[in-house]
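In: Predicted model follows, preceded by the sequence.
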Amino acid sequence: MPTILGQNQYGKAENRVVKITRDGATHHIKDLNVSIALSGDMEEVHYSGSNANVLPTDTTKNTVFAFAKEHGVESAEQFGIHLARHFVTSQDAIHRARVRVEEYAWERIAVPDAGRAGHSFVRKGQETRLTQITYDGERWEVVSGLKDLTVLNSTDSEFRGYVKDRYTTLEEAYDRILATSVSGRWRFNWTGDDQPAPDWDDSYEQVRRHLLEAFAETYSRSLQQTLHRMGARVLDHRGEIDEVRFSLPNSHHFLVDLEPFGLENDTADGAVYVAADRPYGLIEGTVLREGCEARIPVDLTSP
Ligand SMILES: O=c1[nH]c(=O)c2[nH]c(=O)[nH]c2[nH]1
């Protein structure tokens with residue numbers, strides 16, 4: 001039965017490009033999700049399997065990262081226009097390029113020592129505030145928290161000196177991006193109607209602030225260390241809380257190898273990273289006030 005090929009397009013979708021430019025201690029971040037769809041003289045690849053007109057999707061991915069390095073990312077529009085023009089004008093067989101770009105907005109974390117604020121960001125778009133109340137007619141237990149508080153340090157993070165066995169390939173990192181989406185719960189020590197209840201809203205705002213400040217101000221040797229500093233900071237400043245538990249995905253950002261295209265890509269300036277989504281390290285832990293009991297369930301914060 002004769003068939004006709006209808007509309008078709010192809011390309012690499014969801015290239016997660018993160019570019020950090022350094023202006024002294026002040027860093028700038030561009031965080032994009034770029035999807036390429038190309039169409040043109042693609043009958044043969046579908047009908048006979050000839051790839052003679054096919055620019056590999058892998059190449060479209062490389063082009064996205066190389067363009068981010070070589071030409072920069074002024075705006076999502078400018079970047080998309082530049083890419084689309086490149087595919088259509090450089091490949092005879094490609095007559096149409098559709099480039100979709102999502103841009104994730106970040107704002108700087110405000111810290112008291114403004115000099116340190118240059119490399120710490122929190123993603124725009126609110127986190128979700130959570131609480132769980134338990135009452136048995138006598139005692140209250142209030143565990144509050146948040147999830148999806150996405151934060152990133154573009155420097156002041158390393159990971160080295162770890163165990164190496166025959167399966168270890170990870171290279172030591174002296175200056176890496178540290179990013180996570182904080183899921184945390186904290187337990188109040190308020191248990192009875194005979195005690196004044198905390199100001200819940202103020203407490204939430206203050207805990208959130210301490211989490212962000214601790215994240216921004218910690219020179220991190222591991223996400224585990226940052227986790228502890230965030231919890232300790234909350235307990236140091238918030239007497240109404242006895243226990244904090246976190247589940248922190250390590251949202252890996254890998255420097256892209258652009259050497260095959262003659263481009264040096266190191267952390268010095270203008271570095272281009274791929275934001276990987278899976279798999280991810282998952283760092284979890286409880287920080288407790290001394291003498292207090294751990295009562296937040298281990299799996300309460302896990303995905
Ligand atoms: O902060 C980190 N902690 C780890 O335990 C770990 N493991 C790993 O591969 N990378 C990292 N990073």
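Out: Alright, I've got the coordinates.
In: how long is stretch 34-54 from one end to the other?
Out: Taking Cα to Cα, to the nearest Å, stretch 34-54 runs 20 Å from one end to the other.
In: List the neighbours of it that are in contact with it.
Out: The list of residues contacting stretch 34-54 from outside it, by Cβ atoms under 8 Å, 6 or more residues apart in numbering, reads 5, 7-15, 17, 55, 57, 60-61, 63-64, 79-80, 83, 87, 91-101. Placement of C-beta: from N, CA and C, glycine included.
In: So which of those residues belong to strands?
Out: 15, 17, 94-101 (DSSP state E).
In: could I get the residues you listed as TSV with distance to Glu171?
Out: Below are those laid out as TSV (distance: Cβ to Cβ, whole Å):
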residue	distance to Glu171
Asn15	23
Val17	21
Ile94	37
His95	42
Arg96	41
Ala97	35
Arg98	37
Val99	32
Arg100	33
Val101	30
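In: ok, these vs the ligand, which is closest?
Out: Val17 (21.4 Å; Cβ to the nearest ligand atom).
In: who's in contact with the closest one?
Out: Val17 touches 30-34, 64-65, 68, 73, 272-275, counting by Cβ under 8 Å, 6+ apart.
In: Which single one of the residues you listed is nearest to Thr180?
Out: Lowest distance from Thr180 to those (Cβ to Cβ) belongs to Ala275, with 12.1 Å.
In: Unless I'm misreading it, that closest one sits right up against Ser251, doesn't it?
Out: Yes - Ala275 lies in contact with Ser251 (Cβ atoms under 8 Å); the separation is 6.8 Å.
In: Common neighbours of the two, please.
Out: Common neighbours of Ala275 and Ser251 (Cβ under 8 Å, 6+ apart) are Ala179.
In: where does Glu141 fall, phi/psi-wise?
Out: Reported as degrees, to the nearest 10, the phi and psi values for Glu141 are phi -130, psi 120.
In: Correct me if wrong: it contacts Arg187.
Out: Yes - counting by Cβ under 8 Å, Arg187 is a contact partner of Glu141 at 7.0 Å.
In: Neighbour count for these two, which is higher?
Out: Remark: of Glu141 and Arg187, Arg187 carries more neighbours, 25 against 16, as counted by other Cβ atoms under 10 Å.
In: wait, that one sits on Leu235?
Out: No - counting by Cβ under 8 Å, Arg187 stays clear of Leu235, with 10.8 Å between them.
In: any common contacting residues for these two?
Out: In contact with both Arg187 and Leu235: 241-242, 244, using Cβ under 8 Å, 6+ apart.
In: Please state the offset of stretch 255-268 from the chain centre?
Out: 21 Å (Cα atoms, centre = their mean, to the nearest Å).
In: no, scratch that, I was asking about stretch 149-167
Out: 14 Å.
In: Give me the subset of the contacts of Val17 lying in strands.
Out: Short answer: those in strands (DSSP E) are 30-34, 272-275.
In: Would you quantify the distance from the residue lying closest to Leu288 once chain neighbours are set aside to Asp299?
Out: Take Leu288 and drop its neighbours on the chain: the residue closest to it by Cβ to Cβ, 6 or more residues apart in numbering is Glu243, 5.2 Å away. The gap separating Glu243 from Asp299 is 15 Å, by Cβ to Cβ, to the nearest Å.
In: low pLDDT regions in this protein?
Out: 114-116, 302-303 (pLDDT under 70).
In: And the longest helix belonging to the chain, what's buried?
Out: What stands out as the longest helix in the chain, according to DSSP state H, is helix 200-217. Residues of helix 200-217 classed as buried by neighbour count (16 or more other Cβ atoms under 10 Å): 203-204, 206-217.
In: Please apply the same query to stretch 148-156.
Out: With burial defined by 16+ other Cβ under 10 Å, the residues of stretch 148-156 counted as buried are 149-156.
In: same thing with stretch 169-180?
Out: 176-180.
In: Tell me, how many residues neighbour Gly145?
Out: Neighbours of Gly145 using other Cβ under 10 Å come to 26.
In: Please disregard the earlier target; I meant Ile241.
Out: Quick note: Ile241 (other Cβ under 10 Å) scores 24 neighbours.
In: Now do the same contact list for the spatially closest residue to it that is not a sequence neighbour.
Out: Excluding the flanking residues, the one nearest Ile241 by Cβ to Cβ, 6+ apart is Trp186, at 4.8 Å. Contacts for Trp186 were tallied using Cβ under 8 Å, 6+ apart; they are 143-145, 207, 234, 238, 241, 243-245, 296.
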